[in-house]
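Undergrad: here's a sequence, model it:
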Amino acid sequence: MHDPLSYSRRSFFHEGRSIAGTAALASLLKTDGFAAAQASRVDTSKATAKRVIYLFQSGAPSQLDLYDYKPGLEKLRNTDLPDSVRQGQRLTGMTKDQTRFPIAPTNFRFERRGESGAWVSDLLPHIAGIADKLCFVKTVHTEAINHDPAITFIQTGAQLAGRPSMGAWLSYGIGSENSDLPAFVAMVSGAGGQPLYDRLWGSGFLPTKYAGVKFRSVGDPVLYLSNPDGLPRELRRGFLDDLAQLNRRKLQKTPDPEIETRIAQYEMAYRMQSSVPELTDISDEPQSTFDLYGEEAKKPGTFAYNCLLARRLAERDVRFVQLFHRGWDQHTLLPEKIAIQCQDTDRASAALVKDLNQRGLLKDTLVVWGGEFGRTVYCQGKLTANDYGRDHHPRCFTVWLAGGGIRSGYTHGRTDDFSYNIVEAPVPIHDLNATILKCLGIDHRQLTFKYQGRHHRLTDVHGNVIDELRA
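TA: The predicted model follows:
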């Protein structure tokens, strides 16, 4: 112990903060106090959702071929998109040298679905079957025209890397209701397309304990979950206890939140040695589960398997589950490629909503389905009777939501006859994210973190809740 007479003012406050931090950490690591310690940041008493499952379709699905039906385009097939519609929009490097911008109507049939009459393509028969459970938002728009900044923007509220992801914000703001599993879990499926970086489920400038934990499809679901050969569980427990003492001594001298993170993560990893194998063991699921999700749900790494795990995580009160499915970037051969993507994702997406509903979980679980931007009405490359491609289109795209206090059987907003510009009820990314937070009982203006001299938030300095989307 230091000589009391040698304490400087700086040392006094350093050690005082350390003692408080250590006490708070000890409370955090207790099962009973885990959620309470986190939940103090925001008032969630008016929340309609306790958790979020975000089905992110990486690469940008074509709204024109899935949800935004424009029957008048068939008469305009292979005619040039009027300049009055394009309005000098910035083009990507893929189409900037095209001499023409020929209109490419969808090759797929649309029908009105359910009592709500929502338009859904035949590519998505299972999602069509739950249309009355969904809220279709046809007028989401973004500031970015290329994949990485667009994905980063919708996940973090900024196009430049370095900000916390949505799941990290929720983990920081309201924590988890399960002390044996992470508050935020990410899973990836699909192949090809744009790379997905770990920062998309990262904590940015928040302490790293709020970052998402990525579940893998090969080997241990979480890296280093298993004990090394020759290290029994009781020996590992003793090792962690000794290591925690050393880290707490360091924390007393240097009140660094990353030291707290290190202690908490070691403890979480120890608990996950039991909780994660139980979670990922789907042998206890009845055959009716696989009749619903499809046999692909038995195969780790598939979108269907990840959807099933998302339901199991929701049952265990994990706060934020994000599924990334790659392969939607269809600049060429769109009719062929989009059919494959829909076959991989349609059934499982609908099954998840149905499964949550029949278990009574949909009422407080918010499900979100969407990508980073839309696709152009004009063809990229050569247009033929059976083939076309579509470029990136940030001006309008479709996202759907279900459960968690969201209005069901409702379609919000309207685009022009070319699905190119918004003519009614635009929804910027910040408004969409503000509305998601509102369902969780969070005022997006209040969930902030001070970094480099200013208070940051998921919605930056923007965002309005879209009340029409809420039940």
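Undergrad: show the end-to-end separation of stretch 185-193, please.
TA: Terminal residues of stretch 185-193 lie 22 Å apart, using C-alpha to C-alpha, to the nearest Å.
Undergrad: show residues contacting it.
TA: The contact list for stretch 185-193, computed with C-beta atoms under 8 Å, 6 or more residues apart in numbering, reads 58-59, 167, 196, 200-201, 212-215, 217, 301-303, 305-306, 309-310, 313, 318, 320-329, 341, 344. Glycine gets a C-beta too; all of them are placed from N, C-alpha and C.
Undergrad: likewise stretch 286-302?
TA: Applying C-beta under 8 Å, 6+ apart, the contact partners of stretch 286-302 are 189, 217-218, 280, 282, 303-305, 307-308, 344, 347-348, 351-352, 354-355.
Undergrad: got the contact list for residue 259?
TA: Going by C-beta under 8 Å, 6+ apart, residue 259 touches 247, 250-251.
Undergrad: same deal with residue 100?
TA: Taking C-beta under 8 Å, 6+ apart as the criterion, residue 100 is in contact with residue 80.
Undergrad: low-confidence stretches in the stretch 151-300 of the chain?
TA: Counting by pLDDT under 70, the stretch 151-300 of the chain contains low-confidence ranges at 224, 239, 266, 270.
Undergrad: count of residues packed around residue 93?
TA: 8 (other C-beta atoms under 10 Å).
Undergrad: quick one, strands of the stretch 1-150 of the chain?
TA: 51-57, 110-113, 118-121, 134-141 (DSSP state E, counting those that start in this stretch).
Undergrad: now do the strands in the stretch 201-350 of the chain.
TA: 213-214, 320-325.
Undergrad: need the residues that contact the longest one.
TA: If I follow you right, that is strand 320-325. 51-58, 166-167, 170-171, 183-190, 196, 200-201, 212, 303, 306-307, 310, 313-314, 341, 344-345.
Undergrad: one more: the first one?
TA: With contact meaning C-beta under 8 Å, 6+ apart, strand 213-214 is reached by 182, 184-188, 198, 201, 222.
Undergrad: now rank the residues you listed by neighbours and give me the top one.
TA: The most crowded member of the contacts of strand 213-214, judged by other C-beta under 10 Å, is residue 182 (29 neighbours).
Undergrad: any idea how far it lies from residue 454?
TA: Counting by C-beta to C-beta, to the nearest Å, the separation of residue 182 from residue 454 is 28 Å.
Undergrad: what sits against residue 276?
TA: Residue 276 touches 181, 221-222, 225, counting by C-beta under 8 Å, 6+ apart.
Undergrad: try it again at 10 Å.
TA: Residues near residue 276 by C-beta atoms under 10 Å, 6 or more residues apart in numbering: 180-182, 185, 213, 215, 220-222, 225, 269.
Undergrad: likewise residue 451?
TA: Residue 451 makes contact with 162-164, 204-206, according to C-beta under 10 Å, 6+ apart.
Undergrad: hmm, back to that, between the strands of the stretch 201-350 of the chain, which gets the lowest average pLDDT?
TA: Confidence, taken as mean pLDDT, is least for strand 213-214 of the strands of the stretch 201-350 of the chain (a mean of 94).
Undergrad: test my guess that residue 65 contacts residue 389.
TA: No. Counting by C-beta atoms under 10 Å, residue 65 sits too far from residue 389 to count as a contact (11.5 Å).
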